[in-house]
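Student: Give the three-dimensional model of this entry:
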Amino acid sequence: MAFAISFENGKFWLRGNLTANNANLVRKHFELIFQTQNEAIIHLGALDKIDTASVFEIQKLLKYTNQRHLHLSITGTENPKLKGKLPLNGMFFNLDYLQSA
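Tutor: Below you'll find the predicted structure:
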């Protein structure tokens, strides 16, 4: 399925396949969003697929927001299509904390 980002109910919904082919652009897209706002919610519940490179890009985005005292929340990590792909059962913040400790 083609990848798309939509904004619904205060969340950025990622839909389709988030892969190495588009993950870098997605991270840059959100970095631009954070130029004009201090917080965002990314919802992964509608993704069909995610790969390791994409998880890495999400972690880089979380690091970017943490360093600038911005707030990024990740929801939808319970999506069964993502099982086994996300670090620590989708707890990106915990992994980021452990890596910096």
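Student: Please identify the helix or strand for residue 73.
Tutor: Residue 73 is part of strand 71-75 when elements are defined by DSSP states H and E.
Student: tell me what that strand is packed against?
Tutor: For strand 71-75, the contact count by 3 or more CB pairs under 8 Å, 6 or more residues apart in numbering; DSSP states H and E identifies strand 39-43, helix 52-67 as packing neighbours. (Each C-beta comes from the backbone N, C-alpha and C, glycine too.)
Student: Report the angle between it and helix 52-67.
Tutor: Strand 71-75 and helix 52-67 are oriented at 150 degrees to each other (axes from the mean of the first three to the mean of the last three CA atoms, to 10 degrees).
Student: Buried ones in strand 71-75, by neighbour count?
Tutor: 72, 74 (16 or more other CB atoms under 10 Å).
Student: same deal with stretch 30-44?
Tutor: 30, 33, 34, 40, 41, 42, 43, 44.
Student: Would you mind pulling the contact partners of that stretch?
Tutor: 10-14, 50, 58, 61, 64-65, 68, 70-77, 79, 82, 90 (CB atoms under 8 Å, 6 or more residues apart in numbering).
Student: Just the buried residues out of the residues you listed, in PyMOL syntax.
Tutor: Buried residues among the contacts of stretch 30-44 (16+ other CB under 10 Å), as a PyMOL selection:
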select buried, resi 11+12+13+14+50+58+61+65+70+72+74+76+77+79+82+90
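Student: where in this protein is pLDDT low?
Tutor: Within the chain, the ranges that satisfy pLDDT under 70 run 87-101.
Student: list the contacts for the residue nearest the centre of it?
Tutor: Per CA atoms, centre = their mean, the C-alpha nearest to the average position across the chain is that of residue 58, at 4.2 Å. Going by CB under 8 Å, 6+ apart, residue 58 touches 23, 27, 42, 74, 92.
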